[in-house]
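1. for reference, the sequence and a predicted model appear below.
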Amino acid sequence: MAKAMRLDEFLHEEVGRLALLVVLAWLVLLGMTFAAATVSRAAESAPVWSADVAAVHDGDTLTAWLRSGPRRGQLVRVRLSCADAPELRQVRGSQARALLQDLAAGQRVRVAPVGTSYDRIVARVLLADGRDLGLLLVCAGLAWCDPRYCQVRRDAAYRQALDGASRAGLGIWGDPGPVSPWAWRRGR
């Protein structure tokens, strides 16, 4: 009888853990929806260009044809601001690329530039429905907040998404000892 009690207790704990994970995942998705709406409203006040995504290179870089803006008609590389996905040779790097590919390939997007880096435009990239691609990657646990471009006040949605994905053990946060892309690059 003692073994049956222990099995019941074990099953009760496992069901409790599963319920907690479901609730956390729901909260992350709810937060992602709110954060994406907040980011899209903020991005509307900055200069925004229309573009068509031509290719996805990795989890945070794509190539797009600009349909408006000072470089209209040009094919440009765009680095997502605030999100830093694992490199392709890192754990979860190809998964981050696949998610960006699924979300953005062939899509018309809005590009809100914030700077340049290595001949790439660094920008917030928003889907037609207003969702921020970088924020979606962070929410899925497939990118860190890039310390070079995230600012605590302006990018609070990213920090909240990172915290939620980390607590829920999503993506990189479910792996033992995740290594940030900037630390990985420094070590190579």
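-> On my side now, so go ahead.

2. what is the burial count for L136?
-> 22 (other Cβ atoms under 10 Å). C-beta here means a position set from N, CA and C on the backbone, and glycine is covered the same way.

3. isn't it right next to A96, touching?
-> No. Assessed by Cβ atoms under 8 Å, L136 is found out of contact with A96, at 10.7 Å.

4. remind me which helix or strand L137 belongs to.
-> helix 133-139 (DSSP states H and E).

5. er, S50 actually
-> strand 49-56.

6. give me the contacts around that strand.
-> By Cβ atoms under 8 Å, 6 or more residues apart in numbering, the surrounding residues in contact with strand 49-56 are 62-69, 71-72, 75-76, 78, 97, 100-101, 104-113.

7. if you set the cut-off to 6 Å instead, what comes out?
-> For strand 49-56, the external contacting residues (Cβ atoms under 6 Å, 6 or more residues apart in numbering) are 62-69, 100-101, 104-105, 107-109, 111.

8. check which residues of it are buried.
-> 49-51, 53, 56 (16 or more other Cβ atoms under 10 Å).

9. and the next helix or strand past that strand?
-> strand 61-66.

10. buried residues, that next one. List them.
-> 61-62, 64, 66.

11. what is it packed up against?
-> strand 49-56, strand 75-80 (3 or more Cβ pairs under 6 Å, 6 or more residues apart in numbering; DSSP states H and E).

12. gap between it and the chain center?
-> For strand 61-66, the distance from its own C-alpha centre to the chain's C-alpha centre is 17 Å (Cα atoms, centre = their mean, to the nearest Å).

13. low-confidence regions, this structure specifically.
-> Across the chain, residues meeting the criterion (pLDDT under 70) sit at 1-46, 152-154.

14. same thing but at 90, please
-> 1-47, 115-119, 146-156, 182, 185, 187-188 (pLDDT under 90).

15. spatially central residue for it, please.
-> Nearest residue to the geometric centre of the chain (Cα atoms, centre = their mean): L137, 1.8 Å.

16. who's in contact with it?
-> Going by Cβ under 6 Å, 6+ apart, L137 touches 83, 85, 143.

17. at 8 Å what do you get?
-> Contacts of L137 by Cβ under 8 Å, 6+ apart are 59-60, 80, 83, 85, 96, 99-100, 143.

18. same deal with W144?
-> 83-85, 138, 162, 172, 180-181.

19. need phi/psi at it.
-> Taking degrees, to the nearest 10, you get phi -90, psi 170 for the backbone angles of W144.

20. quick check, A98 in a strand?
-> No. Counting by DSSP: H, G, I helix; E, B strand; the rest coil, A98 is located in no strand; its state is helix.

21. from R131, how far off is it?
-> According to Cβ to Cβ, to the nearest Å, A98 and R131 sit 17 Å apart.

22. between these two, which one's more packed in?
-> R131 (19 against 13).

23. any chance you could map the strands in the protein?
-> Applying DSSP state E to the chain gives strands spanning 49-56, 61-66, 75-80, 83-84, 108-117, 120-127, 144-145.
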